[in-house]
Structures are given as structure tokens and as C-alpha cells.
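Trainee: sequence first, predicted coordinates after that:
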Amino acid sequence: MKSIFGVLKGRKTIFVNPIGRLVTGQYQEREPMPQAPAVLREALQSIDPARAAIVALIVYHGVSIGAVRRLLLTDIQDR
């Protein structure tokens, strides 16, 4: 709702954003769960290259699980 009224005010359809001062809260910050180094090492050295690549993306680059789920084969460029 906030963004809808923001757009309407920007287009000068309405004069005042009625919910502009409304506090909506913040996202909950989460810490990653600890994992045993032996398990991560085994996953990174897996014979399945897809598993090793996904684990590397998550462990080293901090890619979220949702982003990994949305990955497509066409997202890979230049090997």
C-alpha cells in the first residue's frame, strides 16, 4: 500500500500520502547456522559438479537459498 500511494503522489493524483508516516517494521535479521567443516569440505569436493558449485555459491559468496532456487541453466555464461 505504501508504494502505491507513493506512486500516486508522484503522479500528482493525490495531494498527501495518507500512510506515509505509518511504521511498517523491519525484516528479521538471521545469522547463518553453523556447519561442520568436514561436511562442507566433502560437499565442495563432491564428484557431482552441480552440488559442488551450489555449495560454493552458498558458502563463499553468501547466495541465499531463494536465489539458488531461481537459478537457471541459462544463467551460466562463459563457463
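Mentor: Yep, that arrived.
Trainee: rest of the way, CA atoms for contacts and neighbours
Mentor: Will do.
Trainee: pLDDT below threshold where in this structure?
Mentor: For the chain, the stretches flagged by pLDDT under 70 are 1-2, 20, 27, 76-79.
Trainee: the most far-flung residue of it relative to its centre sits in which helix or strand?
Mentor: Distance from the centre of the chain peaks at F15, with 35.0 Å (Cα atoms, centre = their mean). Applying DSSP states H and E as the criterion places F15 outside every helix and strand.
Trainee: check the secondary structure at the nearest residue to it once chain neighbours are set aside for me.
Mentor: Excluding the flanking residues, the one nearest F15 by Cα to Cα, 6 or more residues apart in numbering is K9, at 6.2 Å. Following DSSP: H, G, I helix; E, B strand; the rest coil, we place K9 in the helix state.
Trainee: correct me, but K9 touches P18?
Mentor: No - between K9 and P18 there is no contact under Cα atoms under 8 Å: 9.9 Å.
Trainee: higher neighbour count, these two?
Mentor: More crowded of K9 and P18, by other Cα atoms under 10 Å: K9, with 15 against 12.
Trainee: what sits against that one?
Mentor: Contacts for K9 (Cα atoms under 8 Å, 6 or more residues apart in numbering) come out as F15, V16, N17.
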